[in-house]
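Peer 1: Following is a predicted model, sequence given first.
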Amino acid sequence: MKKIFLASLCLLATPFFVSAQLKKADGNSEIKKVQEANKNTSSIQCPFVRTTKVAAINSTTTSDGTFYFSAPDNLSMKYSDGENLIVTADNVSLSVGGKVRTLRAGNRHVEDLSATLLACVKGQISNIEGTLLSAKTSGKNIVFKIKTDLTVGRNKVSTLELAYDKTDLTLVSLNMLEADGSNTLYELKSKTLNKSIDSSVFEHPKQQRKRATK
């Protein structure tokens, strides 16, 4: 599970660039609608579920937790099993298996991770690296399908699917699909919007110092 968690973070972290622009998105009315509506979203708090499918070994795993976002750039994903990801303007930290790693937000290993997550949550679809394939209503959501040409290790992300609630236009899900049939899906449930969030959920945990060996 821990390896899958880190692999899914790498899929987000590596491919994107802060200065990226989505191709074939100019003038798209659905993108404009989502981006304008999300300017009024100051915070999101909700349960979330991550489902990871590894096609090569025919394995599917799920994890859950609580998702927090506070504008303009504070994000926290706290998993029920103690794992977490925290993004702020200055730092990004990952906690896995009791170990904590915190890096400056501008560090090349996490800069694209934080920028991409925030772009999705804030509805800034046009800032994502790739080519827009479609933007259409599907049930209660507006779904954007984005073609990518991204290789991370042996994993190739070929498509991103972003779903936004048709009513309030906030993010519902982020699905990363790979060429081999694997995918990682993040789903936000029962969102509470524009309510005050305790700042402690965005505090970075302290890294444990290694004991000196004699």
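Peer 2: Yes, it's here.
Peer 1: And residue 154, what's its pLDDT?
Peer 2: Here the pLDDT value assigned to residue 154 is 60.
Peer 1: Going forward, the N-terminal residue is numbered 29.
Peer 2: Sure thing, new numbering starts at 29, so read that last one as residue 182.
Peer 1: Specify the beta-bridge partners of the closest residue to residue 219 other than its chain neighbours.
Peer 2: In space, and not counting its chain neighbours, residue 219 is closest to residue 74: 4.2 Å by CB to CB, 6 or more residues apart in numbering. For the C-beta atoms, the positions are set from N, CA and C on the backbone; glycine is no exception. Beta-bridge pairing for residue 74 (DSSP bridges): residue 95.
Peer 1: now for the strand or helix carrying residue 105, which elements pack on it?
Peer 2: Taking DSSP states H and E as the criterion, residue 105 maps to strand 102-107. The elements that strand 102-107 packs onto, with contact taken as 3 or more CB pairs under 8 Å, 6 or more residues apart in numbering; DSSP states H and E, are strand 87-98, strand 112-115, helix 139-149.
Peer 1: Partner strands of the second one, with direction?
Peer 2: The reference is to strand 112-115. strand 102-107 (antiparallel), strand 119-124 (antiparallel).
Peer 1: Which positions in that strand come out as buried?
Peer 2: Going by neighbour count (16 or more other CB atoms under 10 Å), the buried part of strand 112-115 is 112-115.
Peer 1: What is the nearest of these to residue 84?
Peer 2: Of all the buried residues of strand 112-115, residue 84 sits closest to residue 113, with 25.0 Å by CB to CB.
Peer 1: so the closest one touches residue 105, yeah?
Peer 2: Yes: judged on CB atoms under 8 Å, residue 113 makes contact with residue 105 at a distance of 4.6 Å.
Peer 1: was I right about residue 224 contacting residue 70?
Peer 2: No: look at residue 224 against residue 70 with CB under 8 Å: they stay out of range, at 9.2 Å.
Peer 1: can you pull out the strands in this structure?
Peer 2: All strands of the chain, identified by DSSP state E, fall at 50-51, 71-82, 87-98, 102-107, 112-115, 119-124, 127-132, 158-166, 169-180, 183-193, 199-206, 211-216, 220-221.
Peer 1: what separates the second one from the chain centre, distance-wise?
Peer 2: Same thing as strand 71-82. Centroid separation for strand 71-82 versus its chain: 9 Å, with CA atoms, centre = their mean, to the nearest Å.
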